[in-house]
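> I'll drop the sequence and a predicted model, then ask my questions.
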Amino acid sequence: MEIWIVRHADPDYEHDSITEKGEREAKLLAERLAKQEFSAVYCSPLGRAKKTASYTLEKIGKKARTYDWLREFRGTVKDPERTNCWDRKPDYWTHIDEYYDFDKWLDVDLMKDGDVKRHYNRVCNGVDKLLAKHGYVRDGRMYKAVNPNADKILIFCHFGVESVILSRIFSVSPMIMWHNFVALPTSITRLATQEREQGKAIFTCIQYGDLGHLYAGGEEPSFMARWCEQYTDDTRH
């Protein structure tokens, strides 16, 4: 089984849609994805993800099932005002060992003083139910291959929640995924099952944040989700 996770195209956050550049990106993405056979398509309920998905859905003649847990991750903390939990400066979070631990990162005081755990568990439960629906049942940090298959499923969502999905599947802290990885607009992340022992599976990452469709179409990737490479660079702090 393969899971293809796509981040939405270059966003117009004000209108919860995508920009003109995002439309070009989404069309190039659709050309690429139309060459694949997907058994099911899932999508965030937010406009920018639905608009991105629309070009591919038209190409492949399918409808997407919408899950609310695929919307952008909504966990918040008080620091000192209420803000999203997954944008922390490195001088703060890298000094706290618990943030690197899958089982302990939610126990950090900042994360406990908010609704992070509730939203995180909601996404994790959604992931587990979706994979069970497709034949792979969570068992500790592995999956029981109840109905092993070669299906491909396609998910349109957002960077923050994509990181949480990967956190759950790989049993790693999402802090690593949020801060040390970046999936740019219309990037494709591919996971595949690995069943080296009968009935026991894990998911491996074949590609992360792939943008080959943009390069092939002569479209420069968006800078969204990246930060300045140097402090003296005022591109984005």
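Sure thing, it's come through.
> what about stretch 54-67, average pLDDT?
Mean pLDDT, stretch 54-67: 97.
> tabulate the CA atom coordinates of that stretch in CSV.
Provided in CSV are the C-alpha atoms of stretch 54-67 (Å, rounded to 0.1, in the frame of the first residue of the first chain):
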residue,chain,number,x,y,z
SER,A,54,-10.2,20.1,-7.7
TYR,A,55,-7.8,20.1,-10.7
THR,A,56,-6.6,16.5,-9.9
LEU,A,57,-10.1,15.2,-9.2
GLU,A,58,-11.3,16.6,-12.6
LYS,A,59,-8.4,14.9,-14.3
ILE,A,60,-8.9,11.5,-12.7
GLY,A,61,-12.6,11.5,-12.6
LYS,A,62,-12.9,10.9,-8.9
LYS,A,63,-14.5,12.6,-5.8
ALA,A,64,-12.7,13.1,-2.6
ARG,A,65,-14.0,12.2,0.8
THR,A,66,-13.6,15.1,3.2
TYR,A,67,-12.4,14.6,6.8
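> who's in contact with that stretch?
Under the criterion Cβ atoms under 8 Å, 6 or more residues apart in numbering, residues 23, 26-27, 29-31, 33-34, 38, 40-45, 50, 53, 126, 130, 154, 156 lie in contact with stretch 54-67. In this view, the C-beta of every residue, glycine as well, is placed from N, C-alpha and C.
> all strands for the protein, in order.
Remark: strands assigned in the chain by DSSP state E are 2-7, 11-12, 17-18, 40-43, 65-66, 76-78, 82-84, 136-139, 142-145, 152-157, 188-197, 200-210.
> redo these as CSV? Include distance to D113 and mean neighbour count.
Shown next, in CSV, are those (distance: least, Cβ to Cβ, whole Å; neighbours: other Cβ atoms under 10 Å):
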stretch, distance to D113, mean neighbour count
strand 2-7, 29, 24
strand 11-12, 29, 20
strand 17-18, 33, 22
strand 40-43, 32, 20
strand 65-66, 31, 14
strand 76-78, 5, 16
strand 82-84, 10, 13
strand 136-139, 28, 18
strand 142-145, 33, 19
strand 152-157, 27, 24
strand 188-197, 31, 16
strand 200-210, 32, 16
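> closest one to R236 among those?
Nearest of these to R236, taken as Cβ to Cβ: strand 11-12 at 14.1 Å.
> show me what contacts the residue nearest the centre of the chain?
In the chain, the centroid-proximal residue (Cα atoms, centre = their mean) is E162; its distance is 1.4 Å. Residues near E162 by Cβ under 8 Å, 6+ apart: 5, 7, 177, 183, 189.
> let's see it at 7 Å
Residues in contact with E162 (Cβ atoms under 7 Å, 6 or more residues apart in numbering) are 5, 7, 183, 189.
> before we move on, back to that, which of the contacts of stretch 54-67 are buried?
23, 26-27, 29-30, 33, 38, 40-44, 50, 53, 126, 130, 154, 156 (16 or more other Cβ atoms under 10 Å).
> quick check: Q207 vs A26, distance?
Counting by Cβ to Cβ, to the nearest Å, the separation of Q207 from A26 is 19 Å.
> before we move on, what about Y136?
Distance of Y136 to A26, given as Cβ to Cβ: 29 Å.
> before we move on, what about R196?
For R196, the distance to A26 equals 37 Å [Cβ to Cβ].
> again, but for M175
On the measure of Cβ to Cβ, M175 and A26 end up 30 Å apart.
> cool, thanks, signing off.
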